[in-house]
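1. With the sequence up front, the predicted model follows.
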Amino acid sequence: MNRPKARGTAAESAVVKTLRIHGFPHAERRALAGCQDLGDITGCPGIVFEVKGGDAARNASDAQIAAWMVETEVERVNARAEVGVLVVQRRGVGAQNAHRWWAHITSRTLTALMEPSIALFDEAPDVPVRLLLGDVTQLLRWAGYGTPLEAEAVAS
């Protein structure tokens, strides 16, 4: 396996482990799908996760993040998912702390997750929002994705 592919695999594996711990027990790396890419992680119905790791991710410019957000949106549409999440490895934050990697979603997605009853208008700005992956998993679960947040309270 070439070095960039190995870095991508390691980053995806770290995100899968984090998702499983944080309420998405069926998350797994997706096999390559060819020209109709459906994202890097499967097993999370309604959500596409695109993962970027290595030096390209740790040093990504705003323009690179914007390009990856477009890629994530294409994959979301291809997968017919409601939510697209771009996960980017952070400088100085290793795989064991992938819950602290950056998770980028759009402002419309954030609004829909926070208040599903709000109608989103086409003319509203749709800008990238950067959160921690662990925080995005909480928002997704609060909005009904993954295992219910109450499940943790019952288990404790």
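-> Great, that's in hand.

2. Correct me if wrong: Asp145 contacts Ile47.
-> Actually, residue 145 is Tyr. It isn't Asp. Yes: using CB atoms under 8 Å as the test, Tyr145 is close enough to Ile47 to be in contact (5.9 Å). For every residue, glycine as well, the C-beta is placed using N, CA and C.

3. so what sits against both of these two?
-> Each of Val83 lies in contact with both Tyr145 and Ile47 under the rule CB atoms under 8 Å, 6 or more residues apart in numbering.

4. out of these two, which sits in the busier spot?
-> For Tyr145 versus Ile47, the count of surrounding residues by other CB atoms under 10 Å is larger for Ile47: 24 against 19.

5. partners of the residue most central in space within the chain in the sheet?
-> For the chain, Val85 is the residue whose C-alpha lies nearest the centre (CA atoms, centre = their mean; 3.1 Å). Val85 has the following beta-bridge partners by DSSP bridges: Phe49.

6. right, and it touches Val48 too?
-> Yes: under the criterion of CB under 8 Å, Val85 is in contact with Val48, at a separation of 7.0 Å.

7. Identify the contacts common to the two.
-> Between them, Val85 and Val48 have Thr72 as joint contacts when contacts are counted by CB under 8 Å, 6+ apart.

8. Start from the N-terminal end of the protein and give the helices.
-> In order along the chain, the chain carries the following helices (DSSP state H): 3-21, 54-58, 62-79, 107-114, 133-142, 150-155.

9. For the ones you listed, give me CSV that also has distance to Glu28.
-> Output for the helices of the chain, formatted as CSV (distance: least, CB to CB, whole Å):
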stretch, distance to Glu28
helix 3-21, 6
helix 54-58, 21
helix 62-79, 14
helix 107-114, 23
helix 133-142, 16
helix 150-155, 20
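
10. Since that was my last question, I'll sign off now.
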